[in-house]
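**Q** I'd like to go over a predicted model; first the sequence, then the structure.
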Amino acid sequence: MVSGVIVDRTKKTKPWIVIGYFLAGVGRPLVAIANSWTWVLCIRFTDRLGKGLRSSPRDALLAESVSPNQRGITFGLHRSMDNAGAVLGPLMAAFLLSMHIPLREIFCGLIAVGLALCLNESRREQVVVRPFSWSLQGLSPQFKRYILVAGIFALANSSDMFLLLRARELGVPQEQIPLLWAAVSLITTIFGTPLSALSDRFNRKNFILIAWCAFAFFYIAMSFSDISLWMLCGLFAIYGLFKAATEGVEKALVASLAPKGMAGTAFGWFNLVSGLMLLPASLIFGWLYESFNPSYAFLFSGSCAGLAFLLLGFWVFSAPETQNPR
């Protein structure tokens, strides 16, 4: 949020993107020489700090670099490339290890820093220079309602590690768990761009509603214990399609709802609220999973997703001042 607000005031996004990727690119390789968990914690903290500093400025840059009717495909392509990296990165690491090249000698993150330095930041339109504001002042009522609903949905979206744990309990062989998740990432990579591009032609709200409904169905179905292996694979395919249909479209909707000159602040608040809810989401899910029954945990997430679905469909854009969510 901090970097997003500052970007709206200074109109400079490139420095934050470069710093964010630099912290990650330099920090991650240091894990190879860490000799205690405290050092690993500090390195991971630095990595996450870099992600936080670059995310809102990067999203604001993407939103303002294209026309409003191309934001879906733009954010969808970005998320597809990110998921492609999640598939190709481990494969590349495995290949390099098979060539007896130690991981501590692989510094792929620095390539991202070099590419970030090559960014040619487009000239922004002259807008009213706003004072620093850490509040929601200036943002539309429907945007405020949307981030509240997005926070409720984030409460349903606990760590994906629980899904892999559940898949193992339901009979997926341990050696096939990585393949199952790689398949989810592959589906997200392939369908992320075309599905997000469709949202440029249709109402983004309805697009997200369909995806959230699929998410609720997935989690409720995962609460049952008599799922066959083929049904489980089908459910994970649905989850991959959900990720493909929402990761880019949700950000495109934020860009559409952000007032001119406040894209950084809007993305800052969206990322802040979504990020804050991830910890309690996993804590509650894990507590229900271990203290009661896995079914209760999955039903809790499905219920939160259902509530978010109803609020987005009947409340967020219901007021007279609502703008077109496209």
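**A** Perfect, I can see it now.
**Q** hey, where'd the helices end up in the stretch 151-300 of the chain?
**A** Remark: helices assigned in the stretch 151-300 of the chain by DSSP state H, counting those that start in this stretch are 161-169, 177-198, 204-222, 229-246, 249-257, 263-291, 294-311.
**Q** how much does the longest one deviate in direction from helix 161-169?
**A** What that stands for is helix 263-291. Put simply, helix 263-291 runs at 40 degrees to helix 161-169, going by axes from the mean of the first three to the mean of the last three Cα atoms, to 10 degrees.
**Q** which neighbouring elements make contact with helix 263-291?
**A** helix 2-10, helix 37-65, helix 141-156, helix 161-169, helix 249-257, helix 294-311 (3 or more Cβ pairs under 8 Å, 6 or more residues apart in numbering; DSSP states H and E). The way it works is simple: take the backbone N, C-alpha and C, and place the C-beta from them, glycine included.
**Q** out of the ones you listed, the one nearest Met222 is which?
**A** Met222 lies closest, by Cβ to Cβ, to one member of the helices and strands packed on helix 263-291: helix 294-311, at 4.8 Å.
**Q** can you list contacts of that closest one?
**A** 145, 148-150, 152-153, 155-158, 162, 166, 169, 209, 212-213, 215-217, 219-220, 222-225, 281, 284-286, 288-289 (Cβ atoms under 8 Å, 6 or more residues apart in numbering).
**Q** please list only the buried members of these.
**A** 145, 149-150, 152-153, 155-158, 162, 166, 209, 212, 215-217, 219-220, 222-223, 281, 284-286, 288-289 (16 or more other Cβ atoms under 10 Å).
**Q** which residues of the stretch 51-200 of the chain score low on pLDDT?
**A** For the stretch 51-200 of the chain, the stretches flagged by pLDDT under 70 are 102-109, 122-134.
**Q** isn't Phe317 up against Ser140?
**A** No. Look at Phe317 against Ser140 with Cβ atoms under 8 Å: they stay out of range, at 10.6 Å.
**Q** what distance do you get for the residue nearest to Leu229 when sequence neighbours are not counted to Lys51?
**A** Take Leu229 and drop its neighbours on the chain: the residue closest to it by Cβ to Cβ, 6 or more residues apart in numbering is Gly171, 6.0 Å away. Here Gly171 is placed at a distance of 35 Å from Lys51 (Cβ to Cβ, to the nearest Å).
**Q** out of those two, which sits in the more crowded spot?
**A** Between Gly171 and Lys51, Lys51 has the larger neighbour count (other Cβ atoms under 10 Å), namely 16 against 10.
**Q** what separation do you get for Leu163 and Phe298?
**A** Here Leu163 is placed at a distance of 9 Å from Phe298 (Cβ to Cβ).
**Q** anything in contact with each of these two?
**A** Met222.
**Q** more neighbours, those two?
**A** Using other Cβ under 10 Å as the criterion, Leu163 and Phe298 rank with Phe298 on top: 25 against 21.
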